[in-house]
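A.B. asks: starting from these lines, generate the structure:
(chains A and B)
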Amino acid sequence: MQSESLDLDKVRADFPILKRRVKGKRLVYLDNAATTQKPQQVIDAIAGFYSNYNANVHRSAHTLGEEATEAYESARDKVSRFVGASPRELVFTRGTTEATNLVRFAWGERFVEKGDTLVTTLMEHHSNIVPWQLLAKSKGATLKFVGLEGDGSLDMDSFENLMKESPSIVAVTQCSNVLGTINDVAKLCGLARNAGAITVVDAAQSVPHMPVNFSGIGCDFFAFSGHKMLGPTGIGALVGRKALLEEMDPFHGGGEMIREVFPDHSTWNDVPLKFEAGTANIADAIGFGAAVDYLSSLGMDAVREHEVGLLRHAIDILSKGKGFRMYGPTDPVHRGGVISFNVADIHAHDLSTILDEEGVAVRSGHHCAQPLMRWLDVAATSRASFYVYNSCDDVETLAAGIEKARRIFKV
Amino acid sequence: MSAADIYKEVILDYYRNPRNFGRLDRFDISAHDTNPLCGDEIDIQVRVGEGNKIEEIRFFGKGCAISQASASMLTELAKGKELEWVKALSKEDVLKMLGNPELGPSRIKCALLGMKVLKMGVYGYLGAKLENLED
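C.D. replies: Reported below is the predicted structural model:
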């Protein structure tokens, strides 16, 4: 299998799941925006922890405890360096959703006031909408949405108008999980900062797929998930500016996050441990570190180039088909490796059932972005999303599957 | 069973030309439900006539071919039947009506959505009648 940017045969050999068959066919996994497959290196890192040095971290002075602590903190180092942040600014969370909720509770409950405006956009995943809705409700603030242009980019007039309301929080995605739109978050965060807002960037679909630098963006908070970038589920990260993390309240109370506990009050551990109450998800953090090592060895420029190549090929052959409608920017340079589409009057779930029979896994539905689906005026779309192990053959199998659906539905 | 067997001519016909699609001006039963996984939506309205029989029935909704065809076929079957018939209706009856397609656990919910809505409506109607009797 050919790719100009990656040694695809070598990459594919690292993913044991790609050897399995689905309905008797080669697995063509195109649901990477939902979750990605895991290379042997990640699986081995997790099994290695449990087999060789399983112990709690930051507590025990014995050998296993020291080794576990070192591996856990080394994972924090790797993941933070991967996104151009300092390890002191990186809090391990369960994922992006827990990260945005952490900001909601630990920053929002303390600093947002009655009558404040919170701003998000119509292209957000529910994880960057619902926490702000809940925060607005609890504080008597108002949540407002930046609108979209016809091509699925942000409406900058709408954004700039909302900045005139001096919002307290501006939450925006770096890359839409439905449209693929890549937002210029550095520019948006600059405008938001000038308006006096703190900024929250949902990087769940950008960090896995392109070079991303937290300090370069200049945002206050930044969230992403391990399982969308070859790592295990149940681990993700919130990166925050240290000064903000210092002044925030804790999130969960319990072990690890304290310095001293008295019957009537407690003092807090240093950032980031102040936000990591309870025993950490040690094994998965170590797996996350291994995933980052794997991506670094490929090089994020090469990963992005590979996906742009697949996107070009996919848009090229799919858009020739009868009744094919694609949503979002048409130029691959302005979009992440996802294509949301519909085919004639074939409902996305019916298409997905037919594609599954060909071994092709795509997502169908609302993609946890219902406000966006309403804006698009569609009940559901199919979504094919690419990653490092996908090939042009995969794209062609998808196209053949869609053609089969057209035949069955007599389109 | 292949996808071609699931999406038989008759299913596609009911999907594209749904029978009993729309709303009733006068109705005794109205029920609505969605399948949150898929976003399929079904509304069913029923006018009850002599002997607790389904005199008129309409459905309204949007969603995949399976959910919409199933709801439409069900309204045809139900018309003229007694409400007791709806109570006795089973998952197997609905799948048989659709030609026994082999559906996975997520898609089976699409097939059964119409039946669920109709049952909800009928049980609600009969329950309300029971309460009136007790008053």
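A.B. asks: make it CA atoms for all contacts and neighbour counts henceforth
C.D. replies: OK.
A.B. asks: number of residues surrounding residue A:191?
C.D. replies: Around residue A:191 there are 17 other residues, counting by other Cα atoms under 10 Å in any protein chain shown.
A.B. asks: and it, that's in a helix?
C.D. replies: Yes - read with DSSP: H, G, I helix; E, B strand; the rest coil, residue A:191 is one of the residues of a helix.
A.B. asks: test my guess that it contacts residue A:161.
C.D. replies: No - the pair residue A:191 / residue A:161 is not scored as a contact, 10.9 Å apart, by Cα atoms under 8 Å.
A.B. asks: around chain B, pick out the residues from chain A.
C.D. replies: A:346-350, A:353-354, A:357, A:364-366, A:379-380, A:408-409 (Cα under 8 Å from any Cα of the partner chain).
A.B. asks: mind listing what residue A:79 touches?
C.D. replies: A:288-289, A:292 (Cα atoms under 8 Å, 6 or more residues apart in numbering or on different chains).
A.B. asks: okay if I get those residues as TSV plus neighbour count and pLDDT?
C.D. replies: Listed next are these as TSV, based on neighbours: other Cα atoms under 10 Å in any protein chain shown; pLDDT from 0 to 100:
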residue	neighbour count	pLDDT
A:288	32	98
A:289	27	98
A:292	25	98
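A.B. asks: can you tell me which of those is nearest chain B?
C.D. replies: residue A:288 (28.9 Å; Cα to the nearest Cα).
A.B. asks: element containing the closest one?
C.D. replies: For residue A:288, the host element (DSSP states H and E) is helix A:282-298.
A.B. asks: for chain B, just list every one of the strands.
C.D. replies: Listed in chain order, the strands of chain B (DSSP state E) span B:29-35, B:40-49, B:53-62.
A.B. asks: quick one, which of those strands is packed in tightest?
C.D. replies: The highest average neighbour count among the strands of chain B, using mean count of other Cα atoms under 10 Å in any protein chain shown, belongs to strand B:40-49 at a mean of 23.
A.B. asks: starting at the chain centroid, how far to that one?
C.D. replies: Its chain's C-alpha centre and that of strand B:40-49 lie 7 Å apart, by Cα atoms, centre = their mean, to the nearest Å.
A.B. asks: report the angle between that strand and strand B:29-35.
C.D. replies: 170 degrees (axes from the mean of the first three to the mean of the last three Cα atoms, to 10 degrees).
A.B. asks: mean confidence score for strand B:40-49?
C.D. replies: When pLDDT is averaged over strand B:40-49, the result is 95.
A.B. asks: OK, contacts around residue A:361?
C.D. replies: A:27-31, A:352, A:355 are the contacts of residue A:361 under Cα under 8 Å, 6+ apart.
A.B. asks: farthest pair in the residues you listed?
C.D. replies: Spanning the widest gap among the contacts of residue A:361 are A:27 and A:352, at 14.0 Å by Cα to Cα.
A.B. asks: neighbour-wise, which of these two wins?
C.D. replies: Between residue A:27 and residue A:352, counted using other Cα under 10 Å, the more crowded position is residue A:352 (23 against 19).
A.B. asks: the more buried one reaches residue A:363, doesn't it?
C.D. replies: Yes - look at residue A:352 against residue A:363 with Cα under 8 Å: they come within range, at 7.2 Å.
A.B. asks: what's the overlap in contacts for these two?
C.D. replies: residue A:382.
A.B. asks: from residue A:244, how far off is the residue of chain B found nearest chain A?
C.D. replies: Here chain B gets closest to chain A at one residue, residue B:64, 5.0 Å apart by Cα to the nearest Cα. From residue B:64 across to residue A:244, the span is 47 Å (Cα to Cα, to the nearest Å).
A.B. asks: next one: residue A:277
C.D. replies: For residue A:277, the distance to residue A:244 - Cα to Cα - is 18 Å.
A.B. asks: the two: which is more packed in?
C.D. replies: The neighbour comparison of residue A:277 against residue A:244 (other Cα under 10 Å) goes to residue A:277, with 17 against 14.
A.B. asks: look up how far residue A:241 lies from that one.
C.D. replies: Look at residue A:277 and residue A:241: by Cα to Cα, they are 20 Å apart.
A.B. asks: low-confidence ranges in chain B?
C.D. replies: The model of chain B has pLDDT under 70 over residues B:1, B:135.
A.B. asks: so what's the residue count around residue 104?
C.D. replies: Since you didn't name a chain, this refers to chain A. For residue A:104, the neighbour count with other Cα under 10 Å is 22.
A.B. asks: nope, chain B please
C.D. replies: 9.
A.B. asks: please apply the same query to residue A:19.
C.D. replies: Count around residue A:19 with other Cα under 10 Å applied: 11.
A.B. asks: what residues are up against residue A:209?
C.D. replies: A:229, A:300, A:303-304, A:307, A:336-337, A:387.
A.B. asks: hang on, it in a helix?
C.D. replies: No - counting by three-state DSSP, residue A:209 is located in no helix; its state is coil.
A.B. asks: where's it relative to chain B, distance?
C.D. replies: In this view, residue A:209 and chain B are 27 Å apart by Cα to the nearest Cα, to the nearest Å.
A.B. asks: for residue A:324, same thing?
C.D. replies: For residue A:324 relative to chain B (Cα to the nearest Cα), the value is 17 Å.
A.B. asks: how many other residues sit next to that residue?
C.D. replies: Count around residue A:324 with other Cα under 10 Å applied: 14.
A.B. asks: can you check residue B:24 too?
C.D. replies: There are 17 residues near residue B:24, going by other Cα under 10 Å.
A.B. asks: residues in contact with stretch B:35-47?
C.D. replies: Stretch B:35-47 has contacts (Cα under 8 Å, 6+ apart) with A:349, A:364-366, A:379-380, B:23-24, B:26-34, B:54-64, B:67-68, B:71, B:106, B:109-110, B:113-114, B:117-118, B:121.
A.B. asks: need the phi and psi values for residue A:340.
C.D. replies: Backbone geometry at residue A:340, expressed as degrees, to the nearest 10, gives phi -100, psi 140.
A.B. asks: next up, the contacts around it.
C.D. replies: So residue A:340 contacts A:178-179, A:326-328, A:381-384 (Cα under 8 Å, 6+ apart).
A.B. asks: so residue A:341, which state does it fall into?
C.D. replies: strand.
A.B. asks: residue contacts, it?
C.D. replies: Residue A:341 neighbours (Cα under 8 Å, 6+ apart): A:324-327, A:381-383.
A.B. asks: from chain B, how far off is it?
C.D. replies: From residue A:341 to chain B the distance is 15 Å (Cα to the nearest Cα).
A.B. asks: sorry, back to before: redo the strands of chain B as a markdown table? Include distance to residue A:17.
C.D. replies: Formatted as a markdown table, these follow (distance: least, Cα to Cα, whole Å):
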| stretch | distance to residue A:17 |
| --- | --- |
| strand B:29-35 | 30 |
| strand B:40-49 | 32 |
| strand B:53-62 | 36 |
